[in-house]
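S.K.: structural data only, the sequence is not supplied:
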């Protein structure tokens, strides 16, 4: 196959590392460069709570990971995106527990017959969680290490929450000595110029390629994912108190707090609420992801935060 090939940027990273934040930076960059960007969003759960706030066209792949359960959908989805949108770039945001080497392999296989090319595999690392690796079980530590190992670019997120910045860089370099590292603090890249047009580069020599990587993804890993649907309006102080009790890897949702709609994000010791602008009818929902979660307790304690 000859001629133009649409670049693919794969974004990987553990749950709550900051992939969606980076994705919005890419959307802004594409708009500035008048490029048509389309996103393939993969969620382990059955709901994408960010579908109403995504700033670019997107297709959702729900209910599993592109690396295993949904592997067969990669080719037809990419084919549809090329046909429907004729994009300048396609960005794939993997689920937070996907094995990036496996996703890279699926896309590389699709490139044998589709006019696409893998430009970058960007791994977002949660700097705050990086300092507390021991609090993750071994299988999740190995998954995060592989995501770093396979990356062509590494984004070190939440630098504003890191006490030992140099130690985090040192740990990353033990697993990947080649990829440039870009810092992200307060939800923005410190050096945006290094991400200016990431889809115009190619995978450099020295980076682990799909045929060299050994997957560490445990397809049977016990990960609990559940939705709290039709959440009533919440009281801000009570909601914040509920968040303080959470023991999950990741949570996010669309919520109405004291009469204002927010996109809510929670990941490892921190949560944010971003007001939603517009009049589009919204559906209040919260998604929780973690290990050994008590769904009944989490749901009942949330309803104690309902505004009266």
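M.R.: Noted; the coordinates are in hand. A quick note: this is a predicted structure, and the numbers were derived from the prediction, not measured. Numbering: from 1, shown residues only.

S.K.: which stretches of this protein have low pLDDT?
M.R.: 1-3, 44-54, 63-64, 67-71, 131-140, 161, 186-223, 268-269, 279-280, 308 (pLDDT under 70).

S.K.: the helices in it, which residues?
M.R.: 19-32, 74-85, 100-110, 127-130, 138-150, 165-175, 236-244, 295-303 (DSSP state H).

S.K.: between the longest strand along the chain and helix 165-175, how many degrees?
M.R.: Looking across the chain with DSSP state E, the single longest strand is strand 116-126. In terms of direction (axes from the mean of the first three to the mean of the last three Cα atoms, to 10 degrees), strand 116-126 departs from helix 165-175 by 140 degrees.

S.K.: which strands border strand 116-126, and is each parallel or antiparallel?
M.R.: strand 6-12 (parallel), strand 153-157 (parallel) (DSSP bridges).

S.K.: turn these into a markdown table, columns for mean neighbour count and distance to residue 97.
M.R.: Every residue, glycine included, has its C-beta placed from N, CA and C. Shown next, in a markdown table, are the strands paired with strand 116-126 (neighbours: other Cβ atoms under 10 Å; distance: least, Cβ to Cβ, whole Å):
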| stretch | mean neighbour count | distance to residue 97 |
| --- | --- | --- |
| strand 6-12 | 25 | 10 |
| strand 153-157 | 25 | 17 |
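
S.K.: that older thread, which of the helices of the chain sits closest to residue 261?
M.R.: helix 236-244 (13.1 Å; Cβ to Cβ).

S.K.: returning to that earlier point: would you turn the helices of the chain into a markdown table with mean neighbour count and distance to residue 39?
M.R.: Listed next are the helices of the chain as a markdown table, based on neighbours: other Cβ under 10 Å; distance: least, Cβ to Cβ, whole Å:
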| stretch | mean neighbour count | distance to residue 39 |
| --- | --- | --- |
| helix 19-32 | 19 | 7 |
| helix 74-85 | 16 | 9 |
| helix 100-110 | 22 | 14 |
| helix 127-130 | 23 | 24 |
| helix 138-150 | 20 | 19 |
| helix 165-175 | 15 | 26 |
| helix 236-244 | 15 | 27 |
| helix 295-303 | 14 | 29 |
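
S.K.: select, out of those helices, the one closest to residue 6.
M.R.: helix 74-85 (6.3 Å).

S.K.: residues contacting that closest one, please?
M.R.: 6, 8, 36, 38, 40, 57, 59, 61, 66, 87, 90, 103, 106-107, 109-110, 114-116 (Cβ atoms under 8 Å, 6 or more residues apart in numbering).

S.K.: report the distance from that helix to the chain centre.
M.R.: Relative to its chain's centre, helix 74-85 lies at 20 Å (Cα atoms, centre = their mean, to the nearest Å).

S.K.: same deal with stretch 261-278?
M.R.: 15 Å.

S.K.: show me the beta-bridge partners of residue 225.
M.R.: Applying DSSP bridges, one finds that residue 225 bridges with residue 289.

S.K.: so it touches residue 291, yeah?
M.R.: No. Judged on Cβ atoms under 8 Å, residue 225 makes no contact with residue 291 at a distance of 10.7 Å.

S.K.: who's more crowded, the two?
M.R.: residue 225 (19 against 15; other Cβ atoms under 10 Å).

S.K.: tell me the angle the longest strand of the chain makes with helix 100-110.
M.R.: If you take the same axes, to 10 degrees, strand 116-126 sits at 170 degrees to helix 100-110.
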